[in-house]
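A.B. asks: Sequence plus predicted model, see below.
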Amino acid sequence: MGASSSPYARFISAWEFKLASSDPNRRPHPFAFGWTWFSELLPGQVGVHDLHQAIRAIVRGSQDWFSAPLPTDYRLEGQRLTFTSPVRTPWPENNVVHADYYPSRRARGRAVLLIPQWNADERSHQNLALLLSLLGITTLRMSPAYHDRRRPRGHVRADLHVSANIGLTLHATRQSVIDARCCLHWLAQQGYRRLGILGTSLGSCIAFLTAAHEPLLRAGAYNHVSHWFGDVVWTGLATQHVRRSLEGYVSQQQLRYWWAPISPATYISRFAGRSFRSLFIWARHDPVFLPEYSREFLEACREHKLDFEAVALPCGHYTLGRFPFNWADALLVSRFFLRTL
């Protein structure tokens, strides 16, 4: 959580641990390479000796890997948009994408796709979506794979999205990115041309991967940023139950490599020279996305000369969603999109 041991830092730390411990359902699940998932991700690459080759192939072909034919069954009923995910899974609930639509009469072609954090329920970020729409920016809030209305029967958390199953975690993140691109294309079909994307925590990772591969986007705002997906899972407070399942089978370095296809670090160079503006919001006392990894990510963005601004808030991961930090975050995000879209 950083080197500071000031009374304020200790206060935030205690608050973070209290909020983190409010979920009693975090339980380790067995480790698995997930060869069946790898077989679907890259047909023919199903053996352990092919793993490194498979990862390299995914990264080289990421534009195709994060692409799929657009759905033909978009359906808007009231405020709810649904469609069939182009990426199929064994769970019928997860195969239907749900998104809540907050149109603004003053949008003038501006719209933002909002992707919430890991294990968010269907009410999460509704107030932020409503605020953006009131300010003149149409907002579409998408449920990521395995979340809220997409959570398979019998699962109380979205652990199928981030787990000790290497292949399944890759597959779930790829599905969320492809679903996000489908949402953006639906917005474009409605006449929105000035598009942005906003994500928080896991949603921030999904949003960054989407922005790296979707040319429709002009701007992105990201709450919590980190370099490598595997580092967050290995060191973060929220995923210590996942790490317990991984230990003894993989190292932090191996995990970083195997999850490189879903890591922001892999795709920073795709923004170089591109007309795209980013806002990175990170927390100085974050026990989930450790501050050293946020700084490492921002330094890489500077090295690649990305067009971005970064703001560090004096809070942690969970406390970003609490007053007064959630208000500060909403102000930063709103002003950013009003300027850039």
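C.D. replies: In hand now; what should we look at?

A.B. asks: next one: phi and psi at the spatially most central residue of the chain?
C.D. replies: In the chain, the centroid-proximal residue (Cα atoms, centre = their mean) is Gly203; its distance is 2.4 Å. Backbone geometry at Gly203, expressed as degrees, to the nearest 10, gives phi -60, psi -30.

A.B. asks: you'd agree it is up against Pro144?
C.D. replies: Yes. Counting by Cβ atoms under 8 Å, Gly203 touches Pro144, with 6.6 Å between them. In this view, the C-beta of every residue, glycine as well, is placed from N, C-alpha and C.

A.B. asks: Find the residues that touch each one of those two.
C.D. replies: 115-116 (Cβ atoms under 8 Å, 6 or more residues apart in numbering).

A.B. asks: on that earlier part again, model confidence for the residue nearest to the centre of the chain, exactly?
C.D. replies: Here, the pLDDT recorded for Gly203 equals 97.

A.B. asks: contacting residues for it?
C.D. replies: Neighbours of Gly203 in contact, by Cβ under 8 Å, 6+ apart: 114-118, 120, 144, 223.

A.B. asks: repeat that for 6 Å
C.D. replies: Counting by Cβ atoms under 6 Å, 6 or more residues apart in numbering, Gly203 touches 115-117.

A.B. asks: Now for the spatially closest residue to it that is not a sequence neighbour: which residues touch it?
C.D. replies: Closest residue to Gly203 apart from its sequence neighbours, by Cβ to Cβ, 6 or more residues apart in numbering: Ile115 at 3.6 Å. Taking Cβ under 6 Å, 6+ apart, we find Ile115 in contact with 142, 199, 203, 206-207.

A.B. asks: Repeat that for Arg110.
C.D. replies: Taking Cβ under 6 Å, 6+ apart as the test, what Arg110 contacts is 137, 194, 341.

A.B. asks: Distance check, it against Leu338.
C.D. replies: 9 Å (Cβ to Cβ, to the nearest Å).

A.B. asks: show me where the protein has helices.
C.D. replies: With DSSP state H as the criterion, the chain has helices at 7-20, 35-41, 51-60, 62-65, 126-134, 166-189, 202-213, 229-235, 240-246, 252-258, 291-303, 325-340.
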